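> sequence and computational prediction follow.
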Amino acid sequence: MLAMAKRRTKRKRKVPTVKFDDMQRTNNVNVDAAMHSFEGPTKATLAIASEIADYSKCSFDHNVKMT
């Protein structure tokens, strides 16, 4: 029965060839895109924090004048 079994043939793996420069360029593009996506929320958060600080200062000054 074993003699009749068909032997498995080895499959040749096809490995894609990627140049190092192409890979590095793609990674740089991805990092740049990630940095740009974080810039918007960071600026908005900074603006909100600045407004909160200004309001707190005005409120504190107003309460100091009242007493």
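Yes, it's here. Residues are numbered from 1 along each chain as shown.
> and what about residue 12, helix, strand or coil?
Look at residue 12: counting by DSSP: H, G, I helix; E, B strand; the rest coil, its state is coil.
> phi first, then psi, for it.
Main-chain torsions, residue 12, degrees, to the nearest 10: phi -90, psi 120.
> tell me how far residue 51 lies from residue 23.
44 Å (CB to CB, to the nearest Å). Glycine gets a C-beta too; all of them are placed from N, C-alpha and C.
> and the most centrally placed residue in the chain, what element?
What sits nearest the mean C-alpha location of the chain, by CA atoms, centre = their mean, is residue 34, with 4.3 Å. Per DSSP states H and E: residue 34 is located in helix 20-66.
> and that helix, how far from the chain's centre?
Taking CA atoms, centre = their mean, to the nearest Å, the mean C-alpha location of helix 20-66 is offset from the chain mean by 15 Å.
> and the pLDDT at the residue nearest to the centre of the chain?
Note on residue 34: pLDDT of 92.
> next, the contact list for it, please.
With contacts taken as CB atoms under 8 Å, 6 or more residues apart in numbering, residue 34 has no neighbouring residues.
> burial count for residue 49?
Neighbourhood size, residue 49 [other CB atoms under 10 Å]: 10.
> report the contact partners of it.
With CB under 8 Å, 6+ apart, residue 49 has no contacts at all.
> all set now, cheers.
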